[in-house]
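Q: Pasted the sequence and its predicted model underneath.
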Amino acid sequence: MCRLQTFRFIALLVVSFLAQPLFAESDDHTQNALVTKGISDAQVVQTPLSLEQCIDIALKNNPDIARKRWNTETAMAQESIAQGQLLPQISAVGGYTQYMDDRLITPRRSGGQEVLGFADEVVSGNLVLSVPLYTGGRLKNEVEAAELVTQSAKHQHRRSRRELVFNVSNVFYAMLGREAVIDSLVFSQMTLDEHRKRVAELFDAQKAARVDLLRTEVRLADIEQRLLQERNVLNIQRFLLASLLGLDRQNNLFQIEGELTLADVPVDLDSSFARAFNSRQDYQSLRSQTAAQQKRVNLAKAGRLPSVSLRASYGNQWSADSSLSNEAGDVGVFAMIPLFEGGRISARVRRERSRLMVQKEALRKLGLQIKLELETAVSNIKSTHARIDVTQKASEQAKESLRIEREKYDLGKGAIIDVLDAQSALLDSQTNYYRALADYNTALAQFRLAVGEIE
């Protein structure tokens, strides 16, 4: 009994050893190489950040970009799995079997003699080779579909980078415009405060009515609340920018620096369409997904075809309670022909065809959306450029109008309401100018994104 337990223990060890893969793959170096290297808040310098610095930080630290990068790695791993199915597979198979009746074990002896032996507990170990010879195109289509999915994931990763660049640029330009508006409000506040002092002096000298002083103070309070509102919006935009940069920042420690420029960009809508369809990574990604779905249709159709494989094994078996053993090996070609699947193959074909039509319609919709985005971006460029010209001229006229109204009021020939209206008109024209300038820079970034030029 003790001998039987010993053999059973040895058999379990053999099975455990043979169950291990012959060639263990180590993925530690791959995992270490793919660890996302984020940027901590402490690494963000306290000096103002330029647009290029913000984009660089966002591309390295944004979680959406990291997620798309890992999606690409997942697709590449799936592609390797599909390619591995084309190669021969070798495995070690071990087992321990206890039979109700004794089984014959016939070991080979020298001299051609054979000794018959029986055992009801058998330990076996074999090397098994399996080679796919013909699968009706199933493995080939699966590999090609996996390759196309990998291409699609790479295109999505690049498109996400371009969209992130646009989003960062959009918020950055909006913040620059907001800061310019705040500067205009601060200047108007200082100017109106000086005018209030002047009105107070005239009131003390009994040369101005008290209502003039009150109207000036009311207008000054209005500017102060607008200033508080603009600063609050700027703080919210700063929080949004920090989120795009992938920072867990809870305060407003970092600032930005930059300049809103006005540059004429020649836009050819017809040529932009062709450039967009060749450069837009989201369009290329969807095309790859559609091609991959076509491969899946072919894969489903191949389910009706037979599959042929080569199988070979070599090993030995031992009796658990004696020294009997037997060396055995075999090789053969096996074919599997689907005769009746309960309609599952036809259903899979219909399912994959329906998914293919969904992908084609999504591709057609994206094509229409690209045209709409380009037309919208071009229209915004032209509109904001015209707004800049108009608001710039209006700002110059408002400055001159304010100067005239102040002189008239100081000479006692004008009304305080005219001065305040002129001051308000100047502030509005400056605000509209800076906002139009910010919108123009955003429209240019929107056009580059629609064409697929932002990297």
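A: Thanks, I have the structure now. Numbers count the residues shown, from 1 in each chain.

Q: What segments of the stretch 201-350 of the chain are strands?
A: Under the criterion DSSP state E, counting those that start in this stretch, the stretch 201-350 of the chain contains strands at 307-319, 325-336.

Q: In the protein, where is pLDDT below threshold?
A: Across the chain, residues meeting the criterion (pLDDT under 70) sit at 1-46, 106-116, 249-253, 265-267, 322, 454-455.

Q: quick one: the helices in it?
A: Listed in chain order, the helices found in the chain under DSSP state H are 2-18, 28-33, 51-61, 63-84, 138-204, 210-244, 269-279, 281-301, 344-410, 416-451.

Q: With Ser323 as the reference, name the closest of those.
A: helix 2-18 (10.5 Å; CB to CB). In this view, the C-beta of every residue, glycine as well, is placed from N, C-alpha and C.

Q: quick one: contacts of stretch 144-160?
A: Outside of stretch 144-160, the residues within contact range by CB atoms under 8 Å, 6 or more residues apart in numbering are 64-65, 68-69, 71-72, 74-76, 78-79, 81-83, 280-282, 284-286, 288-289, 291-293, 295-296, 299, 455.

Q: Stretch 429-438 too?
A: Stretch 429-438 is contacted by residues 173-174, 176-178, 180-181, 184-185, 260, 262, 384, 387-388, 391-392, 394-395, 397-398 when judged by CB under 8 Å, 6+ apart.

Q: for the closest residue to Asn167 other than its chain neighbours, what are its contacts?
A: With sequence-adjacent residues excluded and distances taken as CB to CB, 6 or more residues apart in numbering, Asn167 is closest to Leu244, at 5.7 Å. When the contact criterion is CB under 8 Å, 6+ apart, the partners of Leu244 are Ala58, Asn62, Leu164, Asn167, Val168, Val171.

Q: Of those residues, which pair is most distant in space?
A: When CB to CB is used, the two most widely separated members of those are Asn62 and Val171, lying 12.7 Å apart.

Q: related to what we said a few turns ago, can I get the helices of the chain in TSV including distance to Val131?
A: Compiled in TSV, the helices of the chain are given as follows (distance: least, CB to CB, whole Å):
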stretch	distance to Val131
helix 2-18	21
helix 28-33	28
helix 51-61	45
helix 63-84	13
helix 138-204	12
helix 210-244	52
helix 269-279	42
helix 281-301	20
helix 344-410	25
helix 416-451	50
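
Q: Which one of the ones you listed lies nearest to Pro338?
A: Closest approach to Pro338 among the helices of the chain is made by helix 344-410 (6.8 Å; CB to CB).

Q: name the helices or strands packed onto that closest one?
A: With contacts taken as 3 or more CB pairs under 8 Å, 6 or more residues apart in numbering; DSSP states H and E, helix 344-410 sits against helix 269-279, helix 281-301, helix 416-451.

Q: roughly how far out does stretch 286-294 sit from the chain middle?
A: Offset of stretch 286-294 from its chain centre (CA atoms, centre = their mean, to the nearest Å): 19 Å.

Q: So for it, what gets flagged as buried?
A: Of the residues in stretch 286-294, those with enough neighbours to count as buried (16 or more other CB atoms under 10 Å) are Leu286, Arg287, Ser288, Gln289, Thr290, Ala291, Ala292, Gln293, Gln294.

Q: how about the third one, what does it touch?
A: Contacts for Ser288 (CB under 8 Å, 6+ apart) come out as Leu148, Val149, Gln151, Ser152, His155.

Q: so how far is Met357 from the last one?
A: Read it as His155. Counting by CB to CB, to the nearest Å, the gap from His155 to Met357 is 21 Å.

Q: Please say which of the two ends up with more neighbours.
A: Residue environment comparison for His155 versus Met357 gives the larger neighbour count to His155, 21 against 11, counting by other CB atoms under 10 Å.

Q: Counting neighbours, what do you get for the spatially closest residue to the more buried one that is not a sequence neighbour?
A: Of all residues not flanking His155 in the chain, Ser285 sits nearest, at 3.5 Å (CB to CB, 6+ apart). The criterion is other CB under 10 Å. On that basis, Ser285 has 21 neighbouring residues.

Q: So that it lines up with my notes, have the first residue be 92 from now on.
A: Got it, first residue is 92 now, which makes that one Ser376.

Q: So Ser376 versus Lys456, what's the distance?
A: Distance of Ser376 to Lys456, computed by CB to CB: 14 Å.

Q: Kindly report the same for Ile495.
A: Distance from Ile495 to Lys456, by CB to CB: 57 Å.

Q: what about these two, which has more around it?
A: When Ile495 is set against Lys456 and neighbours are counted by other CB under 10 Å, the residue ahead is Ile495, at 14 against 11.

Q: quick one, what contacts the residue nearest to that one when sequence neighbours are not counted?
A: The shortest distance from Ile495 to any residue that is not its chain neighbour, by CB to CB, 6+ apart, is 7.9 Å, and that residue is Ala513. Under the criterion of CB under 8 Å, 6+ apart, the contact list for Ala513 reads Ala489, Ser492, Leu493, Ile495, Glu496, Arg497.
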